[in-house]
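Trainee: Quick one, fold the following:
(chains A and B)
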Amino acid sequence: MNKKSSVLSEFKQFCIDKLWFVVLLAPLLIIALMMFKQFQPSENSRRVNNGLAVVVGSVEISTAELASIVAKPLTELIAMEVYSVVNNTAAIAGPIRKSELRQVSYNHLSEIRRAEDNPTRVISYAVTEKATTKIIREAS
Amino acid sequence: MCIPVLAQSATKEQAVKAGFVYNVTKYVIWPNRVGNDEQFNLCVYGDAKLGGGLKSLQGKLVANKPLVLRRWVKSESFESCHMVFISQGSTKEMSTLMQQVNGLPVLTISDSPDFIDNGGMVGLIRDGTRVGLEVNLKTVRASGLNMSAQLLKLAKTVKGLE
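Mentor: The predicted structure follows:
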């Protein structure tokens, strides 16, 4: 009995001694897990594979260009090429990571979800520090 | 409460869509309204990605009235708006928004997919590599607005045309 209580008391003391370690380690483990999850490619990115791709580059234009475009009449605006069509966007935008999806706003995420319901039209976003690239892939 | 829209930079797509928004005002006649009608209020609802483009419209003249850009918030009535731009991300609230605007002489415009099918008036759609227009004439007429036949000719789709 005494031996048992002694073991228990030793174990208790061990836990108390190592408590600081657990307190320090637990948050680090949680952070590490969260980071690991973020860097997993999302399901959405795997869906966008085939077909014609329309890329909407979001390179910012100058204020002068903006003013010039806005001043154009409707007929000219309708005729303006806004999106570029490419056969393969894999080189332009790689898989979207969850960490990137966190940087885009809710409407982007909702669009991706909506796209899942319609396999002929998939919209995804590739996000870098400087620009967001919207990729619309349609079944050819 | 209306909150001024903050300045943002714009992309070509945003600029073209902002151009569409402004140009559409040239083809619509609003009925005379009681109250503060010295300015043209373009209200923006939602997390408008066009923010930078729309910002450039501030101060432009619409029927000789300076255009004032406002960030519209839910608690506010649409009555002070002449036109409302609803951003793509507001799809969930769309039916509520359309109910709120129903019967008011307020032109609704959005680049949200299927906007005119959800009760919206003017939709900005992707037409191949270009931006196109679609119009729900039935809702336009129901709101008491007059839309020029010229605009309808330029639209890719016109719903409710009799």
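Trainee: Spell out the secondary structure type for the residue in chain B that chain A sits nearest to.
Mentor: Per CB to the nearest CB, B:G89 is where chain B lies closest to chain A, at 2.4 Å. No exception for glycine: its C-beta is placed from N, CA and C like everyone else's. Following DSSP: H, G, I helix; E, B strand; the rest coil, the label given to B:G89 is helix.
Trainee: and what of the one 5 residues further on?
Mentor: Assigned by three-state DSSP, the conformation of B:M94 is helix.
Trainee: How many neighbouring residues does the residue of chain B closest to chain A have?
Mentor: Residues contacting B:G89 under the criterion other CB atoms under 10 Å in any protein chain shown number 20.
Trainee: Repeat that for A:E76.
Mentor: A:E76 sits with 13 neighbouring residues when counted by other CB under 10 Å.
Trainee: From chain B, how far off is it?
Mentor: Separation of A:E76 from chain B (CB to the nearest CB, to the nearest Å) stands at 9 Å.
Trainee: element containing that residue, please.
Mentor: Using DSSP states H and E, A:E76 maps to helix A:74-79.
Trainee: Now do that helix, average pLDDT.
Mentor: For helix A:74-79, the mean pLDDT works out to 94.
Trainee: same question, stretch B:76-90
Mentor: Average pLDDT, stretch B:76-90: 82.
Trainee: same thing with stretch B:26-46?
Mentor: Mean predicted lDDT for stretch B:26-46 stands at 82.
Trainee: With stretch B:138-151 instead?
Mentor: 93.
Trainee: Just the endpoints, please. Distance across it?
Mentor: 15 Å (CA to CA, to the nearest Å).
Trainee: Now that stretch: buried residues?
Mentor: For stretch B:138-151, the neighbour count (16 or more other CB atoms under 10 Å in any protein chain shown) marks B:138-140, B:143, B:145, B:147, B:151 as buried.
Trainee: which of the residues in the helix holding A:E76 are buried?
Mentor: Within helix A:74-79, the residues that count as buried by 16+ other CB under 10 Å are A:74, A:77-78.
Trainee: and if you look at stretch A:13-20?
Mentor: Using 16+ other CB under 10 Å as the test for burial, stretch A:13-20 gives no buried residues.
Trainee: Quick check, pLDDT for A:A126.
Mentor: 52.
Trainee: I'd like to know which helix or strand in chain A has the lowest mean pLDDT.
Mentor: Within chain A, confidence by mean pLDDT, DSSP states H and E is lowest for helix A:43-47 among all helices and strands, at a mean of 33.
Trainee: and the helix or strand harbouring A:A64, anywhere near chain B?
Mentor: Following DSSP H and E, one finds A:A64 within helix A:63-70. Yes: between helix A:63-70 and chain B, judged by CB under 8 Å from any CB of the partner chain, the touching residues are A:63, A:65-67, A:69-70.
Trainee: coming back round to it: pretty sure B:G46 is one of the things the residue of chain B closest to chain A touches, is it not?
Mentor: Yes: counting by CB atoms under 8 Å, B:G46 is a contact partner of B:G89 at 5.2 Å.
Trainee: just checking, what packs against the helix or strand containing A:E10?
Mentor: Element membership of A:E10, judged by DSSP H and E, is helix A:2-38. Counting contacts by 3 or more CB pairs under 8 Å, 6 or more residues apart in numbering or on different chains; DSSP states H and E, helix A:2-38 packs against helix A:98-101.
Trainee: where exactly do the strands run in chain B?
Mentor: For chain B, applying DSSP state E gives strands covering B:3-4, B:10-11, B:28-29, B:40-45, B:61-62, B:65-72, B:83-86, B:107-110, B:122-127, B:130-136, B:146-147, B:157-159.
Trainee: Adding distance to chain A as columns, could you present these in a markdown table?
Mentor: Shown next, in a markdown table, are these (distance: least, CB to the nearest CB, whole Å):
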| stretch | distance to chain A |
| --- | --- |
| strand B:3-4 | 18 |
| strand B:10-11 | 4 |
| strand B:28-29 | 12 |
| strand B:40-45 | 12 |
| strand B:61-62 | 12 |
| strand B:65-72 | 11 |
| strand B:83-86 | 11 |
| strand B:107-110 | 11 |
| strand B:122-127 | 7 |
| strand B:130-136 | 5 |
| strand B:146-147 | 13 |
| strand B:157-159 | 13 |
